[in-house]
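Visitor: The amino acid sequence is not available; the structure is as follows:
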DNA sequence: CACCATTCAGAGGAAACTCTGAGCAAGTTC
DNA sequence: GAACTTGCTCAGAGTTTCCTCTGAATGGTG
């Protein structure tokens, strides 16, 4: 993977983006930390609000991935403490689905964002990239656009075009395509795709990846040079057809 | 989001507009400060009149968002003090709905403006943009007109036309449309729209956004190419349809 | 006081989406 | 070429999300 090579998650001065991950489930923080490290971030984890506030002062993160429900503190209080030490810090909240309407209100006004559990890794990474880009923390060479051959994906507008023609995608189709396009010319196994694009609690089979690849091909590759290629026994790869 | 990139809230010399926020409710100043920071402003907060006057001298703000009812001083006195140090400063008053409008009326004659509580963030930001524009503090590339395809919104005249034909909108409809048109080709979640367009004390559900989008569509998109598009599971986006 | 416009909650129905299962096609191994 | 593995696609059930109709409460206006 090594998104670091693509230079996406980087500070203006070229040093690694610093991310603090706060959640009381060690499984979750581990997975997030691993994914973020792989993206080239410097990562620190905390299991409760007190540890988060402490790390906020000492570790000086650029962004915080913060569980809304912590054993000792309310998410909003943690945010307040963090902001008092570092006003510019970005915060991405993790919330339960039914807690969304509750007290989340107002946080998006400050430029922060949230993701509902269960989420996919790509969803969290994409949101975090969005926050950092908007905070000027992230050199955006091509802005928010991904391109492979004549296929273009605009993340903000959630718009996909092939040869200038608009293509409608569902949420899952879009996330799958984004993951493929973020890793062009690299074979991605179905297991990898499943781990990244589908929620971490999804118990289904890799068969679902095949199904969604077939959906994508029908919408994207139909009538054009194919961009999504099957590597039998290995997975899929997105690239322009060989010359 | 990220109005900063659009270059709206900027001084003639390109540096950040300096805004002082004065209110005794910390929740309110926090939200306002966060939103203004996101717009690219340099923000300072004060909780009472004395602190406001002190900050007025030291922080040298271009504009002040000032609560009319402060624990220690009258709003008019604060204004007087601020003006003595910096005669050119813009002031946006925050007042209770039933507050004396007669005294406020004299204020607006001086080029200042006011907003009644409870207000929406977009309302405050729009008024502030207006003040700064009139004070020459704000390069206004397209003046006060927003345009998407053949849909035109005039902020000062509060007038909306589609293909030259006038459209009557209620207050909420207008604010929703303005927010959408200020962020064309960007998917806005219902949570984001709620936080920006509805009052900060509104406790309602995202359902209300759907309802008002349906009102807007009936008035704006009926009989034309649709400009307001639903992005299922994400929110809404305003853009001209792709041919 | 009556009238009208506006705002908002609730519920029903429509539409879109996700995922399972099964059959078929294509490639691989012997 | 037969047997097996792997990948592709269709059809349909179940769920989620969205749209819109109703009606109540509010506020302004003649």
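Guide: Done, it's in. The structure displayed is predicted, hence computed values, not measured ones.

Visitor: what residues are up against residue A:192?
Guide: Contact analysis of residue A:192 by Cβ atoms under 8 Å, 6 or more residues apart in numbering or on different chains lists residue A:235. All C-beta atoms are positioned from the backbone trio N, CA, C, and that covers glycine.

Visitor: Where is the longest strand in chain A?
Guide: Taking DSSP state E as the criterion, chain A has its longest strand at strand A:90-96.

Visitor: Pull out the buried positions in that strand.
Guide: If you call a residue buried by 16 or more other Cβ atoms under 10 Å in any protein chain shown, then strand A:90-96 has these buried ones: A:90, A:91, A:92, A:93, A:94, A:95.

Visitor: Can I get these in CSV including pLDDT?
Guide: Below are the buried residues of strand A:90-96 laid out as CSV (pLDDT from 0 to 100):
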residue, pLDDT
A:90, 94
A:91, 95
A:92, 96
A:93, 95
A:94, 94
A:95, 91
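
Visitor: Could you measure from residue A:168 over to DNA strand D?
Guide: 14 Å (Cβ to the nearest atom of the strand, to the nearest Å).

Visitor: What's the first helix or strand after the lowest-mean-pLDDT helix or strand in chain A?
Guide: Ranked by mean pLDDT, DSSP states H and E, the weakest helix or strand in chain A is helix A:100-103, scoring a mean of 59. Counting by DSSP states H and E, the element after helix A:100-103 in chain order, helix or strand, is strand A:113-117.

Visitor: Pairing partners for the helix or strand containing residue A:20, with directions?
Guide: Applying DSSP H and E as the criterion places residue A:20 in strand A:18-22. Paired strands of strand A:18-22, with direction, are strand A:42-46 (parallel), strand A:63-67 (parallel) (DSSP bridges).

Visitor: gap between residue A:83 and DNA strand D?
Guide: Per Cβ to the nearest atom of the strand, residue A:83 is found 30 Å from DNA strand D.

Visitor: What is whichever strand or helix holds that residue packed up against?
Guide: Using DSSP H and E, residue A:83 maps to helix A:75-85. Applying 3 or more Cβ pairs under 8 Å, 6 or more residues apart in numbering or on different chains; DSSP states H and E, one finds that helix A:75-85 makes contact with helix A:49-59, strand A:63-67, strand A:90-96.

Visitor: Reformat these as JSON lines; add distance to residue B:192.
Guide: Formatted as JSON lines, the helices and strands packed on helix A:75-85 follow (distance: least, Cβ to Cβ, whole Å):
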{"stretch": "helix A:49-59", "distance to residue B:192": "25"}
{"stretch": "strand A:63-67", "distance to residue B:192": "18"}
{"stretch": "strand A:90-96", "distance to residue B:192": "14"}
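
Visitor: Out of those, which gets nearest to residue B:145?
Guide: With Cβ to Cβ as the criterion, residue B:145 lies closest to strand A:90-96 of the helices and strands packed on helix A:75-85, at 32.5 Å.

Visitor: And the contacts of the closest one?
Guide: Defining contact as Cβ under 8 Å, 6+ apart, one finds that strand A:90-96 is touched by A:23, A:62-69, A:75, A:79, A:82, A:104, A:107, A:111-117, A:119, A:124, A:127-128, A:131-132, A:135, A:137.

Visitor: In ChimeraX, select just the buried ones from those residues.
Guide: If you want just the buried ones from these in ChimeraX, going by 16+ other Cβ under 10 Å, the selection is:
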select /A:23,62,63,64,65,66,67,68,75,79,82,104,107,111,112,113,114,115,116,117,119,124,127,128,131,132,135,137
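
Visitor: helix, strand or coil for the spatially most central residue of chain A?
Guide: Nearest to the mean C-alpha position of chain A, counting by Cα atoms, centre = their mean, stands residue A:125 at 1.8 Å. At residue A:125 the chain is in helix, as set by DSSP: H, G, I helix; E, B strand; the rest coil.

Visitor: Do you know the pLDDT at it?
Guide: Residue A:125 carries a pLDDT value of 97.

Visitor: returning to what we had before: so what strands line up beside the longest strand of chain A?
Guide: According to DSSP bridges, strand A:90-96 has the following sheet partners: strand A:63-67 (parallel), strand A:113-117 (parallel).

Visitor: Count residues in the vicinity of the residue of chain A found nearest DNA strand D, would you?
Guide: Nearest residue of chain A to DNA strand D (Cβ to the nearest atom of the strand) works out as residue A:214 at 3.0 Å. Neighbourhood size, residue A:214 [other Cβ atoms under 10 Å in any protein chain shown]: 11.

Visitor: For chain A, what lies in contact range of chain B?
Guide: Selection of chain A residues close to chain B by Cβ under 8 Å from any Cβ of the partner chain yields A:80, A:87-88, A:100-101, A:104-111, A:114, A:134, A:154, A:156-159, A:161, A:165-166, A:170-171.

Visitor: what about burial for the residues you listed, which qualify?
Guide: Buried subset of those (neighbour count, 16+ other Cβ under 10 Å): A:100-101, A:104-111, A:114, A:134, A:154, A:156-159.

Visitor: okay, how far is it across stretch A:164-178, tip to tip?
Guide: End-to-end distance of stretch A:164-178 (Cα to Cα, to the nearest Å): 18 Å.

Visitor: Please name the residues that touch the closest residue to chain B within chain A.
Guide: Chain B sits closest to residue A:110 of chain A, with a gap of 3.0 Å, by Cβ to the nearest Cβ. Residue A:110 makes contact with B:30, B:31, B:34, B:35, B:37, B:38 under the criterion Cβ under 8 Å, 6+ apart.

Visitor: Narrow the residues you listed to those that are buried.
Guide: Here, 16+ other Cβ under 10 Å leaves B:30, B:31, B:34, B:35, B:37, B:38 buried among these.

Visitor: Which of those sits closest to DNA strand C?
Guide: If you rank the buried ones among the contacts of residue A:110 by distance to DNA strand C using Cβ to the nearest atom of the strand, residue B:31 comes first, at 17.4 Å.

Visitor: check contacts around the closest one.
Guide: Contacts for residue B:31 were tallied using Cβ under 8 Å, 6+ apart; they are A:106, A:109, A:110, B:121, B:200.

Visitor: separation between the second one and residue B:58?
Guide: When Cβ to Cβ, to the nearest Å is applied, the distance between residue A:109 and residue B:58 equals 27 Å.

Visitor: What of residue A:144?
Guide: From residue A:144 to residue B:58 the distance is 39 Å (Cβ to Cβ).

Visitor: the more surrounded of these two?
Guide: Ranked by neighbour count (other Cβ under 10 Å), residue A:144 and residue B:58 place residue A:144 first, with 16 against 10.

Visitor: Tell me who's in contact with the nearest residue to the more buried one once chain neighbours are set aside.
Guide: With sequence-adjacent residues excluded and distances taken as Cβ to Cβ, 6 or more residues apart in numbering or on different chains, residue A:144 is closest to residue A:155, at 4.2 Å. Counting by Cβ under 8 Å, 6+ apart, residue A:155 makes contact with A:126, A:130, A:144, A:145, A:146, A:178.

Visitor: Could you list the low-pLDDT ranges of chain A?
Guide: Along chain A, the parts satisfying pLDDT under 70 run over A:1-8, A:99-103, A:138-141, A:242-243.

Visitor: Around DNA strand D, which positions in it sit nearby?
Guide: Counting by Cβ under 7 Å from any atom of the strand, chain A comes close to DNA strand D at A:190, A:207, A:210-211, A:213-214, A:217-218, A:230, A:232-235.

Visitor: Which pair of those residues spans the longest distance?
Guide: Maximum distance among the residues of chain A next to DNA strand D (Cβ to Cβ): 23.3 Å, for A:218 and A:233.
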